[in-house]
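Chemist: predicted structure and sequence below. I'll ask about it afterward.
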Amino acid sequence: MQAYILRRVAQGILAIFVISTITFALARVSGDPLNVLLPEEASEEQIELIKAEWGLDKPLHMQYFQYLGKLFRGDLGEAMAWPNSTATELIIERLPNTIKLSALALVVSGVIAFPVGVLVAIKKDTPFDYGGKLFAILGQSAPTFAVGLILMWIFAVQLNFFPTSGSGGVEYMILPAVALGYYNVAALMRLTRSSMLEVLDTEYVKLARIKGVAEWKVIWKHCFRNALIVPLTYFGLIGAVLITGSVVIETVFAWPGLGALVIDAILFRDYVVVQAVVLLFAAAFVIINIMVDVLYAYIDPRIRYT
Amino acid sequence: MTAVQTATDTILEVNDLKTYIFTRAATVKAVDGISFNLRKGETLGIVGESGCGKTMTALSLLRLVPKPAGRIVEGEIVLNGEDILQKSEDEMRDVRGRQISMILQDPQTSLNPVFTIGNQLREALGIAHRENKSSMLSRAVDALRKVNVAAPERRLDDYPHQMSGGMKQRVVGAIAMSCEPGVIIADEPTTALDVTIQLQYLRLLKEIQAETGLAIIFITHDFGVVARMCDRVAVMYAGRIIEQGDVRDIFSRPAHPYTQALINSVPKLEQSVDRLYSIDGQPPLLSNLPEGCRFAPRCPYVSDQCYEAYPQSYTLNEGHYADCWALDADWQGTPIEEFVPPTGTAG
Ligand SMILES: Nc1ncnc2c1ncn2[C@@H]1O[C@H](COP(=O)(O)OP(=O)(O)OP(=O)(O)O)[C@@H](O)[C@H]1O
Ligand code: SF4
Ligand SMILES: [Mg+2]
């Protein structure tokens, strides 16, 4: 198990290295950063000055090593649009908000999706099941921002249960987290249902019943853990959904997280910050995947030994 | 298990059992009115081609027919003097494992892949015995030892995928027998393991039977296995038992043309095992059964009468019955030829 984790971490580091190279390259091919830094009528001297200041006078491979060297020390660069702030400072300021929101969204989706998925599988072809299907289809077809706006209109504007937007306590997080989690609830629930149905039909579940094991134990001990294996692999994708979803939903609810930061940075054409946040999102994605793989190996012993 | 036996010896009595599967398209009559008795310590073989309803019969006896499509629609299953079809789901849990148990057709997938075999064994043992951890542990070790698993202490922490096929099969056996049921159903694997491993396993079952007085229902395709293992045989065809009786009777004087064909198709020692079934044609679909004899389209003796109604059951001998019109005193068709047992089979 330890060797397995070590191997996954090494692979993860390699992946992050590759991603950092790609973000660097993308930032260079997507346009000359000078166009952003300088007004159009800038003089030769100004150009030279700025080039030297940002290290753009050096050859590309030198710039790349410089970038990597800084990255290694945790320096993501000076923000262009936020005076006197580094990208790292901006991220550190915003990151906890995004983590809180995503974590809550994840909890919301898991807590709803797994039990409901199991229930609709047990109650296959009953009104429960049909209701669940409808709920799932809605979640997968409605765009996150639309769900966010609808929730905001019902629960904040009409019912006044929650504030419409902004930051503060948990009450500010509930609606964006539900909006963000809903897409995953739907997908996770359907996955849980289908893998649960498959597991319910296996020989080992029959054997458990033959032994005289109580039905609740058959479901929650013998089936659930096996049925989790498939939806869990999906958790990696959920990471991606939460990350990209947070960009949209943080903007809708004016929640001061990384998503809102990257939108601002794009508007101000601050490529340093955009690059830093993209790199972070990518790293988060890799880390989530490693965590999922480790969890997966814990749940399914067959993985551990291969 | 021959000689005189009284009715009080009966542990299981099945009367006119019908189990249907209701699919969207049709009703599959997987078990369509079967009756048999099982005595304590006896081994009954159920033989028949693939799809004739053997597994569905077994699952019915445990009331574990796949829900919601499958349902026992009629009949009685009297186990230890009580009709289990009258029991509640809660009461059934005391029946399963303790009074009747089953070794499933596919031992390779019968163990839960995410729990150790020790865990699964202790769970089964825990249903009958509530004890502290260490005595449960020694019970688990004993149970494995009983099925000839070497170094059982060390195997308890293994996961199923770490064990060989033969070992898994024995563990499944140990789990099924852990609560000392009076009846065990062994559904023979379709894709048999190594022949020697299979034989070892069968011998093991017989040994345990000799020790505990367990009654076994042995489900198989293979008449050769029946000859070796069973006291009595029930031959199934398309959801019905078409002939049953003592092994000796069935082998020396099979009355039903289907049974005769089956026995004739048992491979002789020098033949390959591939050609188990040399009977031409296919059994009828269980979703679309004919009015008359279900074997009629394949039967060499068929006459008009056979298409009109399902044949009556005729008694040939004490406990030997067969459903075939040709056994009637007024039979107008070709008489069934004297059966010549093939050489090199049963003994
Ligand atoms: N879930 C199901 N839905 C519809 N039909 C089914 C279902 N399960 C089994 N059947 C049908 O019921 C009939 C009896 O099946 P069963 O499994 O009892 O056969 P079997 O005699 O055990 O065959 P085998 O020797 O191949 O194991 C078969 O014709 C099969 O097609
Ligand atoms: S009833 Fe007729 S068709 Fe059926 S087995 Fe007997 S002879 Fe053959
Ligand atoms: Mg079967």
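Modeler: Now that the structure is in, tell me what you want to look at. Numbering: from 1, shown residues only, chains lettered A, B, ... in the order given. Ligands and ions are numbered 1, 2, ... in the order given.
Chemist: mind listing the helices for the stretch 101-250 of chain A?
Modeler: Secondary structure of the stretch 101-250 of chain A by DSSP state H, counting those that start in this stretch: the helices cover A:127-141, A:144-151, A:170-200, A:203-211, A:215-217, A:224-252.
Chemist: next one: chain B
Modeler: Listed in chain order, the helices of chain B (DSSP state H) span B:54-61, B:89-95, B:117-128, B:133-146, B:152-155, B:165-176, B:195-212, B:223-229, B:247-252, B:257-264, B:304-308.
Chemist: what is the longest one packed up against?
Modeler: Using 3 or more Cβ pairs under 8 Å, 6 or more residues apart in numbering or on different chains; DSSP states H and E as the contact criterion, the secondary-structure elements in contact with helix B:195-212 are helix B:165-176, helix B:223-229. Quick note: C-beta positions are derived from backbone N, CA and C, even for glycine.
Chemist: quick check, pLDDT for the residue of the stretch 151-300 of chain A found nearest ligand 1.
Modeler: Closest approach between the stretch 151-300 of chain A and ligand 1, counting by Cβ to the nearest ligand atom: A:D201, at 8.6 Å. The confidence metric pLDDT takes the value 90 at A:D201.
Chemist: follow-up on the earlier one: JSON lines please, covering the helices of chain B and showing distance to B:T19 and mean neighbour count.
Modeler: JSON lines is the format used below for the helices of chain B (distance: least, Cβ to Cβ, whole Å; neighbours: other Cβ atoms under 10 Å in any protein chain shown):
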{"stretch": "helix B:54-61", "distance to B:T19": "5", "mean neighbour count": "24"}
{"stretch": "helix B:89-95", "distance to B:T19": "15", "mean neighbour count": "14"}
{"stretch": "helix B:117-128", "distance to B:T19": "25", "mean neighbour count": "22"}
{"stretch": "helix B:133-146", "distance to B:T19": "31", "mean neighbour count": "16"}
{"stretch": "helix B:152-155", "distance to B:T19": "37", "mean neighbour count": "16"}
{"stretch": "helix B:165-176", "distance to B:T19": "21", "mean neighbour count": "23"}
{"stretch": "helix B:195-212", "distance to B:T19": "25", "mean neighbour count": "15"}
{"stretch": "helix B:223-229", "distance to B:T19": "23", "mean neighbour count": "22"}
{"stretch": "helix B:247-252", "distance to B:T19": "24", "mean neighbour count": "20"}
{"stretch": "helix B:257-264", "distance to B:T19": "21", "mean neighbour count": "23"}
{"stretch": "helix B:304-308", "distance to B:T19": "25", "mean neighbour count": "15"}
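Chemist: would you list those helices in CSV and tack on mean pLDDT?
Modeler: Shown next, in CSV, are the helices of chain B (pLDDT from 0 to 100):
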stretch, mean pLDDT
helix B:54-61, 96
helix B:89-95, 90
helix B:117-128, 89
helix B:133-146, 87
helix B:152-155, 91
helix B:165-176, 89
helix B:195-212, 84
helix B:223-229, 85
helix B:247-252, 92
helix B:257-264, 90
helix B:304-308, 92
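Chemist: closest one to A:T144 among those helices?
Modeler: For the helices of chain B, the distance to A:T144 is smallest for helix B:117-128, at 41.7 Å, taking Cβ to Cβ.
Chemist: what does that closest one contact?
Modeler: For helix B:117-128, the surrounding residues in contact (Cβ atoms under 8 Å, 6 or more residues apart in numbering or on different chains) are A:208, A:211-213, B:97-98, B:111-112, B:136-137, B:139-140, B:143-144, B:155-160, B:163, B:171, B:174-175, B:178-180.
Chemist: unless I'm mixing things up, A:I229 is touching A:S195, no?
Modeler: Yes: A:I229 lies in contact with A:S195 (Cβ atoms under 8 Å); the separation is 7.1 Å.
Chemist: what stretches of chain B score poorly on pLDDT?
Modeler: Along chain B, the parts satisfying pLDDT under 70 run over B:1-8, B:190-193, B:266-278, B:341-347.
Chemist: report the central residue of it.
Modeler: When Cα atoms, centre = their mean is applied to chain B, the residue found nearest the centroid is B:I219 (2.9 Å).
Chemist: any idea how far it is from B:A186?
Modeler: To B:A186, B:I219 is 7 Å away according to Cβ to Cβ, to the nearest Å.
Chemist: any common contacting residues for the two?
Modeler: Common neighbours of B:I219 and B:A186 (criterion: Cβ under 8 Å, 6+ apart): none identified.
Chemist: A:G74 touches A:E89, doesn't it?
Modeler: No: applying Cβ under 8 Å as the test, A:G74 and A:E89 come out as separate, 11.3 Å apart.
Chemist: neighbour count: these two, which is higher?
Modeler: Neighbour count, other Cβ atoms under 10 Å in any protein chain shown: between A:G74 and A:E89, A:E89 has more, with 14 against 8.
Chemist: one step back: the helices of chain B: which one's closest to A:I303?
Modeler: By Cβ to Cβ (comparing all of the helices of chain B), the closest turns out to be helix B:117-128, at 18.0 Å.
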